[in-house]
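Colleague: Could you look at this predicted model? Sequence included:
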Amino acid sequence: MSGLSNFRRWVRRASADARVRRAACVLVVIVALSAAGIAAANRGVDPGGRGRIVVIPPGASSGEIGRVLQSAGVIRRSSHFVLAVRLRRLTRALQGGEYLLSPSMTLLDIVDVIAHGQVVLHPVTIPEGFTAAEIVDGLAVEGLGERARLAEIVERGADLFPHEFLHWMPIRSLEGYLFPDTYRLPRGIPEREVIRALLDRFEQVVVPMWKAEGGGRSLHEVITLASLVEREARLPQERALIAGVLYNRLRRGMRLEVDATVLYALGRHKSVVTYKDLEVNSPYNTYRHAGLPPGPIANPGLAAIRAALAPATTNYLYYVARPDGSHVFSRTYQEHLAAIRRYRSVP
């Protein structure tokens, strides 16, 4: 009996070993097929395909993103994208925005690009001397925000951002503090982040310069005067001289009588300022009110800010523009009147 029992045990063991071998073979086949399938899914759709802009909606799920990618022709099947995202545990990392993707990219490369938010950055230039309203219009045209929302943020910006220099401002508007430069910004980000980029650059570039060279002047005073210089000076070599004239007039208690402040108060550009224009009732009208206006009238560039920080030492108290944009500077009112008669007449 013991021999028969041993034989039966041997048969059962042999059968179990055979099942294990069959299962192992099946597993090897499955793994091989899966590897082949993954490799096939990972290959680019078209090795010679050109890049294209694909917009991923903010907050889209992996399935929604997969369908967008499949519709754009950069992946074969949306399910491949969903599986790849899950296998790499990147579901929560997916980010909306504009992406430059190509059918030649592998599936895993596309997953990485979207998970790391490598969105398309658009260059946008903020010209020196633009008003906040002009900057808002430009940003909206570039697709970097809704005009009304951008304008609202700029109008009450000092209450919305943590930058320390904003706490020193006597007004809430960001006029003057939207630093002119060329920025590379993605579309689809909140308007607040667009404005933050401009304020960040101001904080990086202007604030350290003011702290080193301010000479006791407040930042708001420097930026306000710099904005006048920006709008008045047409020639680079005259910026510091115009700044010196304006500081001289402030020290003597004279009204600044800067035409650019009248145009800002009017809210429009004109080639000629009339006597009627000079009567506009606004605290920004420096023909009617002494001292600096309540705040900047534009967003000055670095050169105008440098001029406000380091004005020319001069005895001039007046200037008038020539037709070519340069200025005649005068020490006395009589000299100034003569220059006006020669170069300009006010209707």
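Modeller: Yep, that arrived.
Colleague: In the stretch 51-200 of the chain, mark out all the strands, start to finish.
Modeller: Remark: strands assigned in the stretch 51-200 of the chain by DSSP state E, counting those that start in this stretch are 52-56, 97-101, 122-125, 182-185.
Colleague: Export only the CA atoms of stretch 68-86, formatted as PDB.
Modeller: Extracted as PDB, the C-alpha positions of stretch 68-86 are listed here (Å, rounded to 0.1, in the frame of the first residue of the first chain):
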ATOM      1  CA  VAL A  68      -8.300  65.900 -26.900                       C
ATOM      2  CA  LEU A  69      -5.000  64.300 -27.800                       C
ATOM      3  CA  GLN A  70      -6.500  61.600 -30.000                       C
ATOM      4  CA  SER A  71      -8.700  64.200 -31.700                       C
ATOM      5  CA  ALA A  72      -5.600  66.300 -32.400                       C
ATOM      6  CA  GLY A  73      -3.900  63.300 -33.900                       C
ATOM      7  CA  VAL A  74      -0.900  63.200 -31.600                       C
ATOM      8  CA  ILE A  75      -1.800  59.800 -30.000                       C
ATOM      9  CA  ARG A  76      -3.500  56.700 -31.300                       C
ATOM     10  CA  ARG A  77      -6.000  56.000 -28.600                       C
ATOM     11  CA  SER A  78      -7.200  58.000 -25.600                       C
ATOM     12  CA  SER A  79      -7.100  54.800 -23.500                       C
ATOM     13  CA  HIS A  80      -3.400  54.500 -24.100                       C
ATOM     14  CA  PHE A  81      -2.900  57.900 -22.500                       C
ATOM     15  CA  VAL A  82      -5.100  57.100 -19.500                       C
ATOM     16  CA  LEU A  83      -3.200  53.800 -18.900                       C
ATOM     17  CA  ALA A  84       0.200  55.500 -19.200                       C
ATOM     18  CA  VAL A  85      -0.800  58.200 -16.800                       C
ATOM     19  CA  ARG A  86      -2.000  55.700 -14.200                       C
END
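Colleague: contact partners of that stretch?
Modeller: 41-42, 45-46, 49, 52, 54-57, 60, 62-63, 65-67, 91, 94, 101-103, 105, 107-108, 110-111, 115 (C-beta atoms under 8 Å, 6 or more residues apart in numbering). Every C-beta, even on glycine, is put in place using the N, C-alpha and C of the backbone.
Colleague: can you put the strands of the stretch 51-200 of the chain in a markdown table and add mean neighbour count?
Modeller: Converted to a markdown table, these look like this (neighbours: other C-beta atoms under 10 Å):
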| stretch | mean neighbour count |
| --- | --- |
| strand 52-56 | 17 |
| strand 97-101 | 19 |
| strand 122-125 | 14 |
| strand 182-185 | 15 |
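Colleague: So which of these is nearest Y318?
Modeller: strand 122-125 (34.4 Å; C-beta to C-beta).
Colleague: Partner strands of that closest one and their direction?
Modeller: Looking at strand 122-125 with DSSP bridges, its partner strands are strand 182-185 (antiparallel).
Colleague: Report the mean confidence score over the strand it pairs with.
Modeller: In this model, strand 182-185 carries a mean pLDDT of 96.
Colleague: Please name the residues that touch G44.
Modeller: Counted by C-beta under 8 Å, 6+ apart, G44 has contacts 102-106.
Colleague: closest to D259 among those?
Modeller: The closest of those, once distances to D259 are taken by C-beta to C-beta, is S102, at 53.8 Å.
Colleague: what about the closest one, how many residues close to it?
Modeller: Residue neighbour count, defined by other C-beta atoms under 10 Å, stands at 19 for S102.
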